[in-house]
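Participant: A predicted structure for the sequence below; I have some questions about it.
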Amino acid sequence: MEATIAGTTIDVNDEGYLTDPSKWNEAVAEAIAAEEDIVLTDKHMEVIRYLREQQEKGEKLSVRRVGKSGIVSIKEFYDLFPGGPLKKSSRIAGIPKPVSCV
């Protein structure tokens, strides 16, 4: 299905995740974050860039892996993306929902 995000029509799945990660940009990230009541900071963007890099490498994403990345601790990850940090950050990053997310 299609959604208009940051003034652009983008295909998303039924949970709001982009179906084509190449359509992502920082304006899209900010618009999706706003839907989640999150105002992106430089630290948010560091995490988002890390997730995109890991996804491009085909790595399995998990809260634990992000916590071990050296970018943020697990507690900081939860503080940045409350109520489901990996699920929300992946959606904002424009990547598919990780298998580890329910």
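Facilitator: Now that the structure is in, tell me what you want to look at.
Participant: what about the strands in the chain?
Facilitator: Using DSSP state E, the strands of the chain run over residues 2-5, 8-11.
Participant: between the ones you listed, which gets nearest to V63?
Facilitator: Distance to V63, taken as CB to CB, is lowest for strand 2-5 among these, at 25.2 Å. In this view, the C-beta of every residue, glycine as well, is placed from N, C-alpha and C.
Participant: packing partners for that closest one?
Facilitator: Other elements packing on strand 2-5 under the criterion 3 or more CB pairs under 8 Å, 6 or more residues apart in numbering; DSSP states H and E are strand 8-11, helix 26-35.
Participant: what do you get if the cut-off is 6 Å, keeping everything else the same?
Facilitator: For strand 2-5, the elements it packs on are strand 8-11, judged by 3 or more CB pairs under 6 Å, 6 or more residues apart in numbering; DSSP states H and E.
Participant: and the strand it packs on, which residues are buried?
Facilitator: Buried residues in strand 8-11, counted by 16 or more other CB atoms under 10 Å: I10.
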